[in-house]
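[1] what follows is a predicted protein model with its sequence.
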Number of protein chains: 2
Amino acid sequence: MAVYTHLGAEDLAELIAEFNVGELRSAKGIAEGVSNSNWLIETSGKDGQGARFILTMYEFRIDITELPYFLGLLDHLAERGCPVPRTIHDRSGALYRHIGDKALALIEFLPGVSVSHPTAGQALAVGRALAQLHRAAADYPASRANGMDLAESRRLADACTPAGLAEIDPALPALVQRELTSLEANWPQDLPRSVIHADLFPDNVLMLGDTVTGLIDFYFACNDITAYDIAVTHAAWCFASDGTGFDRAVSHALLAGYEAERPLSAEERAALPVLAQGAALRFLMSRAYDWLNTPKGALVMPKDPMAFARRLEFYADPANRAVFAAS
Amino acid sequence: MAVYTHLGAEDLAELIAEFNVGELRSAKGIAEGVSNSNWLIETSGKDGQGARFILTMYEFRIDITELPYFLGLLDHLAERGCPVPRTIHDRSGALYRHIGDKALALIEFLPGVSVSHPTAGQALAVGRALAQLHRAAADYPASRANGMDLAESRRLADACTPAGLAEIDPALPALVQRELTSLEANWPQDLPRSVIHADLFPDNVLMLGDTVTGLIDFYFACNDITAYDIAVTHAAWCFASDGTGFDRAVSHALLAGYEAERPLSAEERAALPVLAQGAALRFLMSRAYDWLNTPKGALVMPKDPMAFARRLEFYADPANRAVFAAS
């Protein structure tokens, strides 16, 4: 939530001139993106009617060689009717530009706001949009490994150390050890795979009422088990942000919306409880690592890992498997 | 540079419904304002054609009882043709709304960008806009004392202590003492007074090319010596941000632009060197205080006080008085 790089009006005007989008009329640094700086840009537009864009400068974490995968995916999905922002190519046709040792892309602005308390109607629309994304991405030619897979959760757990995890909560080392061991033994191997978003939290979905107007922030997108993306989205949408208050109606609507576009096989449905445990563990471990490794008073406040420990306990409880049963 | 308060889409939609501006379509937290949280809001507009606004939540420093002065001034100036954003009144006619113990105002969005390296043409336009503001504000009925006057610089110097100032730079305690003593003895008493902006840095001016499209951030506005506002603007526009590189052409254009709208009296012009020393000291002292009192690693990085110590030395040097001589 910050703008890390100062770009003056003169720098911005020069940059925007490299795209065929008219002249710069406004630029506001926006408080989004943990590893990027973002500006909401307004130009005169090609026709003088005005146009808006998000200008993203990639600052940290993202390997620039991976940008073609992310930015090309936006174009691929937008062409197939998914509500994702197109990448604006520069006058030479490039997907992004270099500026010093950083990279910079201009991306279509989409209307909509991110909901904090999703309704069942909204979850239905998000489930449907996720399935559309999976279908539309089926013929995306590029591939990228999931950098946040189960092996990475194991590496993060080792890096946190049991003592570190115990600092967060005394029960955490045992929970993490138990779940890692169980998931490593039971992780599904033969499920359908595709491009997945892998981070479809409410923050990354723009909505107007019950309509999805934008799926955004594809910087964790990768190729992995398709149903794992449902599990991530389920963990992200069906609880209060602190991990309590499971909402059965939202859960049901999310799965129903998904199946309206892409019915799940019996194997996929049966795997959902395990996949959901894996999804909860993935966010638990990345948050625990950030919690232990963020300097006090840093610009970005780390998020509470326990919000995902609670989800993990929920998904690990056999009594809750019925959540994923076919209706 | 931060958004201090989280407002979810549901909160925002409810808030926007209190104004006659159509339905919420987009909201982005923007990285502006040190003591406020700000969102760039888009709505459907009254006519469905779309409209944009800045939503400001007053978090710190601003006394809510002073909001009518600031927000009423925007309306007063906009009605008289000054390029300032209007305050959008709510459905009951109120200038701002309470939300918990905070206050919140909806303000017109204006196009334009803030320049980092002003040209003489831009300085001319800014000088002219400042004089227009002074003339338009002449019949503004409300009044507010300058909280950042010379007496406040003295209080801040005492609070910093000579030892604190010496931590910043060994020469600073002597410079501050000398200037305070001299300015207290020589501060002009009988110059014309009016509403002044008191903080018209390039950041607070929106421009398109050489046209001023917006004067913004009036939260230091007050009633004080009119020509002091020219001195503040001069200190803010005529140097590189580190206080070096005085630009004679920009200085000349700023004063010429001002006088094209509101010619200075001989007394005002003669007072400009002293007023400019006072302006430089005012920003030196507030920055020095923030420098010494901002915790390490805080969200907002304090600005370098020495950038204004250099301006103060410049204005205190008799050789530079010619800068303000009539041309």
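    Great, that's in hand. Keep in mind the model is a prediction, meaning the values are calculated, not measured.
[2] show me what contacts A:Tyr58?
    By Cβ atoms under 8 Å, 6 or more residues apart in numbering or on different chains, the contact set of A:Tyr58 is A:Ser35, A:Asn36, A:Ile64, A:Leu67, A:Lys102, A:Ala103, A:Leu104, A:Ala105. Any C-beta I mention is one placed from the backbone N, CA and C, and that applies to glycine too.
[3] ok, of these, which come out buried?
    Buried members of those, counted by 16 or more other Cβ atoms under 10 Å in any protein chain shown: A:Asn36, A:Leu67, A:Lys102, A:Ala103, A:Leu104, A:Ala105.
[4] just give the closest residue to the last one, not the sequence neighbours.
    Which is A:Ala105. Leaving aside its sequence neighbours, A:Ala105 sits nearest to A:Tyr96 (Cβ to Cβ, 6 or more residues apart in numbering or on different chains; 4.2 Å).
[5] and of the contacts of A:Tyr58, the nearest to A:Leu156?
    A:Ser35 (16.9 Å; Cβ to Cβ).
[6] which of the buried ones among the contacts of A:Tyr58 fall within strands?
    The strands, defined by DSSP state E, take in A:Asn36, A:Lys102, A:Ala103, A:Leu104, A:Ala105 from the buried ones among the contacts of A:Tyr58.
[7] and which of those residues is nearest A:Pro273?
    A:Asn36 (34.1 Å).
[8] on that earlier part again, with distance to B:Gly45 as extra columns, can I get the ones in strands among the buried ones among the contacts of A:Tyr58 in JSON lines?
    Below are these laid out as JSON lines (distance: Cβ to Cβ, whole Å):
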{"residue": "A:Asn36", "distance to B:Gly45": "30"}
{"residue": "A:Lys102", "distance to B:Gly45": "36"}
{"residue": "A:Ala103", "distance to B:Gly45": "36"}
{"residue": "A:Leu104", "distance to B:Gly45": "31"}
{"residue": "A:Ala105", "distance to B:Gly45": "29"}
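[9] okay, domains of chain A per the record?
    Under the assignment automatic domain parsing, the domains of chain A span A:9-108, A:120-324.
[10] what does chain A have sitting close to chain B?
    Residues of chain A lying near chain B by Cβ under 8 Å from any Cβ of the partner chain: A:1-3, A:8-13, A:24-32, A:40, A:42, A:109, A:111-117, A:206-208, A:295-299.
[11] now the buried members of these.
    Buried among the residues of chain A next to chain B by 16+ other Cβ under 10 Å: A:1-3, A:9, A:12-13, A:24-32, A:40, A:42, A:109, A:111-116, A:206-208, A:299.
[12] quick one: which of those sit in strands?
    A:Leu24, A:Arg25, A:Ser26, A:Ala27, A:Lys28, A:Gly29, A:Ile30, A:Leu40, A:Glu42, A:Leu206, A:Met207, A:Leu208.
[13] pick the one among those closest to A:Ser265.
    Among those, and counting by Cβ to Cβ, the member closest to A:Ser265 is A:Met207, at 28.9 Å.
[14] centre of the chain to the helix or strand A:Leu130 falls within, how far?
    Using DSSP states H and E, A:Leu130 maps to helix A:120-136. Relative to its chain's centre, helix A:120-136 lies at 14 Å (Cα atoms, centre = their mean, to the nearest Å).
[15] for it, packing partners?
    helix A:67-79, strand A:193-196, strand A:205-208, strand A:211-215, helix A:226-237, helix A:248-261 (3 or more Cβ pairs under 8 Å, 6 or more residues apart in numbering or on different chains; DSSP states H and E).
[16] deepest-packed of the ones you listed, please.
    Among the helices and strands packed on helix A:120-136, helix A:226-237 has the highest mean neighbour count (mean count of other Cβ atoms under 10 Å in any protein chain shown), at a mean of 26.
[17] among the ones in strands among the buried ones among the contacts of A:Tyr58, which one lies nearest to chain B?
    Nearest to chain B among those is A:Asn36, at 12.4 Å by Cβ to the nearest Cβ.
[18] tell me the secondary structure at the nearest residue in space to that closest one that is not next to it in sequence.
    For A:Asn36, ignoring the flanking residues on the chain, the nearest one in space by Cβ to Cβ, 6+ apart is A:Thr56 at 5.1 Å. On the three-state scheme (DSSP: H, G, I helix; E, B strand; the rest coil), A:Thr56 is labelled strand.
[19] let me see the confidence value for A:Thr56.
    pLDDT for A:Thr56: 93.
[20] residues contacting it?
    With contacts defined as Cβ under 8 Å, 6+ apart, the neighbours of A:Thr56 are A:Gly33, A:Asn36, A:Ser37, A:Asn38, A:Leu104, A:Ala105, A:Leu106, A:Ile107.
[21] and if you look at A:Ala142?
    Per Cβ under 8 Å, 6+ apart, neighbours of A:Ala142: A:Pro68, A:Tyr69, A:Gly72, A:Leu73.
[22] ramachandran angles for it?
    Per-residue torsions, A:Ala142: phi -80, psi 160 (degrees, to the nearest 10).
[23] quick check, pLDDT for it.
    With respect to pLDDT, A:Ala142 scores 97.
[24] and A:Ala298, by the same measure?
    Looking at A:Ala298, its pLDDT reads 62.
[25] any regions of chain A where pLDDT drops low?
    Along chain A, the parts satisfying pLDDT under 70 run over A:1-5, A:33-34, A:60-61, A:297-300, A:327.
[26] now the spatially most central residue of it. Nearest residue, chain neighbours left out?
    Most central in chain A under Cα atoms, centre = their mean is A:Asp199, positioned 2.3 Å from the mean C-alpha point. Once flanking residues are discounted, A:Asp199 sits nearest to A:Phe220: 4.1 Å by Cβ to Cβ, 6+ apart.
[27] what about the one you found, how many neighbours?
    18 (other Cβ atoms under 10 Å in any protein chain shown).
[28] can you check A:Pro318 too?
    A count of neighbours around A:Pro318, defined by other Cβ under 10 Å, yields 7.
[29] how close does it get to A:Val274?
    Applying Cβ to Cβ, to the nearest Å, the value for A:Pro318 to A:Val274 is 12 Å.
[30] next, show the common contact partners of the two.
    By Cβ under 8 Å, 6+ apart, no residue touches both A:Pro318 and A:Val274.
[31] longest single helix anywhere in chain A?
    helix A:266-293 (DSSP state H).
[32] quick check: next helix or strand after that one?
    With DSSP H and E, the next secondary element past helix A:266-293 is helix A:306-316.
[33] what lies in contact with that following helix?
    Contacting residues not belonging to helix A:306-316 are listed as A:168-169, A:172, A:175, A:179, A:182, A:235, A:239, A:241-244, A:246, A:273, A:276-277, A:280-281, A:283-284, A:287, A:320 [Cβ under 8 Å, 6+ apart].
[34] only whichever of those residues are buried, select them in PyMOL.
    Command for PyMOL that selects the buried part of the contacts of helix A:306-316, burial taken from 16+ other Cβ under 10 Å:
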select buried, chain A and resi 168+172+175+179+235+239+243+246+273+276+277+280+281+283+284+287
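[35] contact partners for A:Leu281?
    A:Leu281 touches A:Leu150, A:Ser153, A:Val176, A:Glu179, A:Leu180, A:Leu183, A:Phe308, A:Leu312, counting by Cβ under 8 Å, 6+ apart.
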